[in-house]
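Colleague: Pasting a predicted model and its sequence here:
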Amino acid sequence: MRRRALAGVVLAGVLCLCGCGGAIQPDELSRSIQSLESSAAEGALLAHDVARDRTKATFVRAHARELGETVDHEAEKLNDADAEAGVAATKVRAIDLADRISAALGRIQIAPGSETEGRAAEETLSGLSQRAGQLTEGL
């Protein structure tokens, strides 16, 4: 009797899990890309301050790391999500954007006192933020 009850509970749990998830929906993908856009824009502001030597290295490192972790988490979620044909190409482009945003944030995290790296990262992150915005327009 106990085995049947246990088997019933296990079966119910499996059925519940099978019904969860599914392919990523356009609105979910859009929110994820908007998060990337926001992180890139915030990173560009941070890089702007680095380029003008207007911030402390410890703040730059901590904030760039935090933004990078947010971007990496979004990339992981996107990579793990299934996508139907209508959004699959956009999902791949979003993952690529996340990778490039993370790399640019890494530049200022590694060299928070370099005005040259700050200018390069600011330009890169501004462009990537704009691309993310354009990517959401197509959804």
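Modeller: Now that the structure is in, tell me what you want to look at. Residues are numbered from 1 along each chain as shown.

Colleague: Can you read off the backbone torsions of Ala23?
Modeller: Backbone geometry at Ala23, expressed as degrees, to the nearest 10, gives phi -70, psi 150.

Colleague: Thought Asp80 was touching it, still the case?
Modeller: No: counting by Cβ atoms under 8 Å, Ala23 does not reach Asp80; the two are 12.0 Å apart. For every residue, glycine as well, the C-beta is placed using N, CA and C.

Colleague: higher neighbour count, the two?
Modeller: Ala23 (15 against 9; other Cβ atoms under 10 Å).

Colleague: gap between the more buried one and Arg31?
Modeller: Separation of Ala23 from Arg31 (Cβ to Cβ, to the nearest Å) stands at 15 Å.

Colleague: sec struct for Cys42, please.
Modeller: Just so we're on the same page, residue 42 is Glu rather than Cys. Of the three states, Glu42 takes helix under DSSP: H, G, I helix; E, B strand; the rest coil.

Colleague: The closest residue to it other than its chain neighbours: what's it in contact with?
Modeller: Among residues not flanking Glu42 along the chain, Leu67 sits closest, at 6.1 Å (Cβ to Cβ, 6 or more residues apart in numbering). Going by Cβ atoms under 8 Å, 6 or more residues apart in numbering, Leu67 touches Ser39, Glu42, Gly43, Leu46, Leu105.
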